[in-house]
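Enquirer: Sharing a model that was predicted from the sequence below.
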Amino acid sequence: MQAHKSVTEGRQVLEAVIDILSGLKRHAMERENPATVFLLRHLRDSEPRRVSELAECSRLDVSTVSRHVKSLEEAGHLVRIEDPDDKRACLLRITPGGAQLYDAAMTARCAVLERALGEWSAPDRRLLAGLMDRLAEDLTPHEPRSRS
């Protein structure tokens, strides 16, 4: 009986996450593809990366990332720079305009969340934030720990 309950709870969480993301997109009236914002986040918070590294850290296929990179580059949100370690390769770096786009998207999403959580008590907001952080951490792949 316990296994059935956890599957039901897992599905409930998954459906809630889908509804949350859908609501954020609808209420923030995003013009940008969520994948675009997602990729900009990975570039904003790191050193320049190769397309393959961006695909790996974002857990997307290289062809999908390449397509988004092309549109981000055309829009001036990222630039290709020479890889100092391999002159044949290039790295992707976010531009100030790309960072501004990312920040604007996050500000819009945060405003939606602030409105939704406006009536919540401070302890409930802290509890939600803590549980969401914990879930995100548990879903983040980690290097296998050595068994010594």
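Expert: That came through, no problem.
Enquirer: Could I get the buried residue list for whichever helix or strand R109 is part of?
Expert: Applying DSSP states H and E as the criterion places R109 in helix 96-116. For helix 96-116, burial by neighbour count (16 or more other Cβ atoms under 10 Å) applies to 98, 101-102, 105, 108-109, 112-113. Backbone N, C-alpha and C define where each C-beta goes, glycine included.
Enquirer: The very next helix or strand once past that helix relative to helix 96-116, how many degrees between them?
Expert: Counting by DSSP H and E, the element after helix 96-116 in chain order, helix or strand, is helix 122-139. Calculated by axes from the mean of the first three to the mean of the last three Cα atoms, to 10 degrees, helix 122-139 forms an angle of 130 degrees with helix 96-116.
Enquirer: got the contact list for W120?
Expert: Neighbouring residues of W120 by Cβ atoms under 8 Å, 6 or more residues apart in numbering: L128.
Enquirer: Check what pLDDT it gets.
Expert: W120 is assigned 97 on the pLDDT scale.
Enquirer: ok, it to V112 distance?
Expert: W120 is 14 Å from V112, where distance means Cβ to Cβ, to the nearest Å.
Enquirer: L72 too?
Expert: Counting by Cβ to Cβ, the separation of L72 from V112 is 23 Å.
Enquirer: Which helix or strand contains the most centrally placed residue in the chain?
Expert: Centroid-nearest residue in the chain: F38, 3.9 Å away (criterion: Cα atoms, centre = their mean). Using DSSP H and E, F38 falls within helix 34-44.
Enquirer: Buried ones in that helix, by neighbour count?
Expert: Buried residues in helix 34-44, counted by 16+ other Cβ under 10 Å: 36-40, 42-44.
Enquirer: For A16, state which of those is nearest.
Expert: Set against A16, the nearest of the buried residues of helix 34-44 by Cβ to Cβ is F38 (19.4 Å).
Enquirer: Give the full set of residues in contact with the residue nearest to that closest one when sequence neighbours are not counted.
Expert: Using Cβ to Cβ, 6 or more residues apart in numbering and skipping the chain neighbours, the partner closest in space to F38 is S58 (6.3 Å). Counting by Cβ under 8 Å, 6+ apart, S58 touches 38-39, 42, 65.
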